[in-house]
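*Asks:* starting from these lines, generate the structure:
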Amino acid sequence: MEILSVLAAALASYVVGSVWYMTLAKPWMKAAEIETDESGRPANASDPLPYITAFVCAVVVAGMMRHVFSLSGIDTIGAGLIAGLGVGLFMAAPWIVTNYSFAGRNRALMLIDGGYAALGCATMGVVLTLF
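*Replies:* Numbering: from 1, shown residues only. Have a look, this model is predicted:
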């Protein structure tokens with residue numbers, strides 16, 4: 001059952017990320033300086049590797065969050081939401097901001113990607129506590 005909860009949490013976060021980045025596609029592409037084709041879509045939109053990588057990484061994060069939740073006794077939806085949000089806001093997002101700061105990346109990119117880290121981890125936290 002544990003693997004199912006990890007896969008479900010990863011999938012839920014992946015879906016939330018899809019909606020997040022579709023909603024913020026134009027500002028994200030501008031902030032990330034993504035090359036686009038003549039239709040305005042990212043030049044690498046047909047490459048499956050970033051999508052596969054994103055899902056595999058979501059599984060890794062969900063697996064570790066499940067382990068930490070188990071050790072910490074986090075087993076209610078409210079606790080999962082708060083713990084997941086905490087992981088995203090206070091662990092994942094600061095790493096993103098640190099890396100982007102040294103790389104001289106756009107602040108809007110920090111907010112968009114850091115926001116997804118927080119929202120994605122919060123989503124994982126809720127789903128992990130549903131099982």
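
*Asks:* what about the residue nearest to Ala10 when sequence neighbours are not counted, which helix or strand?
*Replies:* If you skip the residues right next to it in sequence, Ala10 has Ala58 as its closest partner in space, 3.9 Å away by Cβ to Cβ, 6 or more residues apart in numbering. Yep, even glycine has a C-beta here, placed from its N, CA and C like the rest. With secondary structure defined by DSSP states H and E, Ala58 is part of helix 49-72.

*Asks:* what about the helices in this structure?
*Replies:* Taking DSSP state H as the test, the helices found in the chain are 2-23, 25-32, 49-72, 77-87, 93-103, 107-130.

*Asks:* wait, which of these is closest to Arg41?
*Replies:* When the helices of the chain are compared for distance to Arg41 using Cβ to Cβ, the nearest one is helix 25-32, at 8.8 Å.

*Asks:* what comes up buried for that closest one?
*Replies:* Of the residues in helix 25-32, Trp28, Met29, Ala31, Ala32 count as buried by neighbour count, 16 or more other Cβ atoms under 10 Å.

*Asks:* again, but for stretch 64-72
*Replies:* If you call a residue buried by 16+ other Cβ under 10 Å, then stretch 64-72 has these buried ones: Met65, Arg66, Phe69.

*Asks:* contact partners for the first one?
*Replies:* It refers to Met65. Ala9, Ala83, Gly84, Val87, Cys121, Met124, Gly125, Leu128 (Cβ atoms under 8 Å, 6 or more residues apart in numbering).

*Asks:* and the residue of the chain positioned farthest from its centre, backbone torsions?
*Replies:* For the chain, the C-alpha farthest from the mean C-alpha position belongs to Glu38; by Cα atoms, centre = their mean, that distance is 28.4 Å. With angles defined as degrees, to the nearest 10, Glu38 shows backbone torsions of phi -60, psi -20.

*Asks:* specify which member of the buried residues of stretch 64-72 is nearest to Met1.
*Replies:* For Met1, the nearest member of the buried residues of stretch 64-72 is Arg66. The distance, counting by Cβ to Cβ, is 10.7 Å.
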